[in-house]
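*Asks:* Below are the sequence and a predicted model; questions follow.
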Amino acid sequence: MKTLDRYIVREFLRSLLLFLVAFLILSVIVDFFEKIRMFLSNDASLQQMFRYFLFALPMLISIIAPAAFLIATLTTFGALSTNHEITAMKANGISVYRIAAPVLAVAVAFSMLFFLFTEFVTPKANENIDRIIRVEIQKQQPLGAFTQNEIWYRGKAGIYNFRIFEPLSNTIYGFTVNEFDAGFNLTRRLDAQRAVWQEGRWHFYGLLITRFSPGESPVIERREETILDLPEKPEDFLTLQKSADKMGYFELKQYIDKIRREGYDATSYLADWHGKPAFSFVSILLALIGVAFSLKTERSGALARSVGTGIVVGFSYWIIFAFSMSLGRSGTIPPLLGAWLANMIFALFALYLFRQVKT
C-alpha cells in the first residue's frame with residue numbers, strides 16, 4: 001500500500017471509530033431511558049441490565065454502522081478538501097477516482113465483515129435479549145418452543161402445535177390442538193389447515209375434529225369453517241415465532257425452503273432474506289455518495305455540515321429502505337425488488353454525484 005493510501009485509510013478509520021463510538025454511546029443512552037421503566041417495574045438487577053445492553057450492542061452496531069461510515073467518509077474527504085490536500089493531489093496528476101480508491105476498498109471489506117457480523121453475531125444476540133427480558137426480568141415462563149419444523153405451545157386448552165404463524169395477518173397454518181382430561185388422556189384433537197384471528201375470535205378453516213373415548217373408536221368430524229373460543233390471542237404466540245432478525249441469512253433460507261415445501265406463502269420472509277445482503281452492502285454505496293459529495297466542490301466544509309449531511313442522507317436511506325421492504329413483504333412488489341430498491345436509488349444518486357465531480 002502506498003504512503004498516500006495509508007494516510008487516507010488511517011484518517012478515515014480514525015473518523016469511523018470516533019463516530020461509531022459516539023453513536024453507540026448515544027444509542028445506549030436512548031435505549032436505557034426507553035427501558036428504564038420496564039427495568040424498575042420488574043426489579044431488574046444491575047447484572048441483568050448490564051447483560052441486556054451487552055447483547056443489545058450487536059443490533060445497535062448493525063443500525064448505526066452504515067451512517068457512521070457515511071459521516072466518516074464525508075468528514076475525511078471534507079478535511080482533505082479544506083486543507084487543500086485534494087488540490088495538491090490533483091496537481092500531482094492523481095485523479096479523484098484514485099484518491100477515493102482506498103476508502104472504497106475499505107468499504108468493500110467492511111461490507112463483507114458486516115454481513116458476517118449480522119449472520120453469526122446479531123441473531124444470537126437478539127435471541128439472548130428476548131430471553132433476558134421475558135424470562136429473567138419479566139419472569140415469564142416459557143410456554144413453547146420453536147424449531148425449523150414446527151412450534152409447540154402449552155396452552156390453556158391443551159397442547160398446541162402449528163407449522164407457521166404469520167403475525168402480519170394473524171394467521172396460523174397447520175394448527176393442531178390436543179385436549180386432555182385430568183389424567184392427561186387425549187380427549188379431542190383439532191387439525192385445521194389454517195386459523196385466522198378475526199374480530200377477537202379464532203376462525204378455523206379446513207377443520208378435522210377427532211374425539212377419543214376410552215374403549216371406543218375415535219369419532220371423526222369435518223368442518224369447512226368454524227369458530228372456536230381459544231383463550232390465547234395472537235400476541236401469545238408472537239414470542240414463539242422466530243422472526244427474521246433472529247435468523248441468519250442461511251438459516252432464513254432453510255426456513256423459506258421449508259415453508260415453500262409445505263405449500264405456504266413465504267413472501268414476507270423472502271423480502272427479509274433478500275434484505276440482509278442488500279443492507280449489509282449499503283456501506284459501499286454510502287461511501288461512494290460520501291466521496292462524491294465531498295469532492296463535488298472544493299469549498300471548505302465544516303464538521304457540523306458533514307455530520308448534518310450524513311444524517312440527512314442516512315435517514316433518507318432508512319425511510320426508503322423500510323418503505324420498499326414493507327412493499328416487498330406484503331407482495332405489492334417482488335420481494336427482491338423491495339429489498340434492493342433503496343440501493344438502486346442510491347446507486348443512481350451516487351452515479352449522478354460522481355458525474356458532477358471535477359476530475
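*Replies:* Yep, that arrived. None of these values were measured; they are calculated from a predicted model.
*Asks:* can you pull out the strands in the stretch 1-150 of the chain?
*Replies:* 144-146 (DSSP state E, counting those that start in this stretch).
*Asks:* Tell me which stretches of it form helices.
*Replies:* In the stretch 1-150 of the chain, the segments counted as helices under DSSP state H, counting those that start in this stretch are 3-41, 46-82, 85-91, 96-120, 122-131.
*Asks:* What number of neighbouring residues does the closest residue to Thr122 other than its chain neighbours come out with?
*Replies:* Among residues not flanking Thr122 along the chain, Pro58 sits closest, at 4.5 Å (C-beta to C-beta, 6 or more residues apart in numbering). In this view, the C-beta of every residue, glycine as well, is placed from N, C-alpha and C. Residues lying near Pro58 (other C-beta atoms under 10 Å) number 20.
*Asks:* does Pro58 really touch Ala125, like I thought?
*Replies:* Yes. Using C-beta atoms under 8 Å, Pro58 is in contact with Ala125, at 4.2 Å.
*Asks:* For Lys124, see how far away the residue nearest to Thr122 is.
*Replies:* 8 Å (C-beta to C-beta, to the nearest Å).
*Asks:* swap in Ser15?
*Replies:* In terms of C-beta to C-beta, Ser15 sits 30 Å off from Lys124.
*Asks:* more crowded one of those two?
*Replies:* More crowded of Ser15 and Lys124, by other C-beta under 10 Å: Ser15, with 23 against 13.
*Asks:* which residues touch the more buried one?
*Replies:* For Ser15, the contact set (C-beta atoms under 8 Å, 6 or more residues apart in numbering) comprises Ile71, Ala72, Thr75, Thr76.
*Asks:* How about Leu336?
*Replies:* Leu336 sits next to Leu270, His274, Gly328 when contact means C-beta under 8 Å, 6+ apart.
*Asks:* again, only this time at 7 Å
*Replies:* Listed by C-beta atoms under 7 Å, 6 or more residues apart in numbering, the contact partners of Leu336 are His274.
*Asks:* now it, what's its secondary structure?
*Replies:* Under DSSP: H, G, I helix; E, B strand; the rest coil, Leu336 falls in the helix class.
*Asks:* Trp273 belongs to a helix?
*Replies:* Yes. Applying three-state DSSP, one finds Trp273 inside a helix.
*Asks:* Quick check: buried residues in stretch 211-230?
*Replies:* Phe212, Leu228, Leu230 (16 or more other C-beta atoms under 10 Å).
*Asks:* Show me which of those is closest to Met89.
*Replies:* Closest approach between those and Met89, by C-beta to C-beta: Leu230, at 69.7 Å.
*Asks:* Ramachandran angles for the closest residue to Arg189 other than its chain neighbours?
*Replies:* Counting by C-beta to C-beta, 6+ apart, Thr210 is the residue found nearest to Arg189 once chain neighbours are left out, at 4.5 Å. Note on Thr210: backbone dihedrals following degrees, to the nearest 10 are phi -120, psi 120.
*Asks:* Show me where the stretch 201-350 of the chain dips below the pLDDT cut-off.
*Replies:* Low-confidence segments of the stretch 201-350 of the chain (pLDDT under 70): 238-241, 296-307.
*Asks:* Could I get the full set of helices for it?
*Replies:* So, for the stretch 201-350 of the chain - with DSSP H, counting those that start in this stretch - the helices run 234-238, 249-261, 267-280, 282-295, 303-330, 335-356.
*Asks:* could those helices go into TSV alongside distance to Ala65?
*Replies:* As requested, the helices of the stretch 201-350 of the chain are exported to TSV (distance: least, C-beta to C-beta, whole Å):
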stretch	distance to Ala65
helix 234-238	28
helix 249-261	17
helix 267-280	10
helix 282-295	7
helix 303-330	10
helix 335-356	16
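*Asks:* among those, which is nearest Glu216?
*Replies:* Using C-beta to C-beta, those put helix 234-238 closest to Glu216, at 33.0 Å.
*Asks:* Flag every buried residue along that closest one.
*Replies:* Buried residues in helix 234-238 (16+ other C-beta under 10 Å): Pro234, Asp236, Phe237.
*Asks:* Adding distance to Ser280, write those residues out as TSV.
*Replies:* Below are the buried residues of helix 234-238 laid out as TSV (distance: C-beta to C-beta, whole Å):
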residue	distance to Ser280
Pro234	31
Asp236	33
Phe237	30
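*Asks:* which one of those residues sits closest to Trp197?
*Replies:* Closest approach between the buried residues of helix 234-238 and Trp197, by C-beta to C-beta: Pro234, at 4.9 Å.
*Asks:* quick revisit: make CSV out of the contacts of Ser15 and add distance to Lys253, neighbour count and pLDDT.
*Replies:* Compiled in CSV, the contacts of Ser15 are given as follows (distance: C-beta to C-beta, whole Å; neighbours: other C-beta atoms under 10 Å; pLDDT from 0 to 100):
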residue, distance to Lys253, neighbour count, pLDDT
Ile71, 33, 29, 87
Ala72, 32, 27, 89
Thr75, 38, 27, 87
Thr76, 37, 24, 88
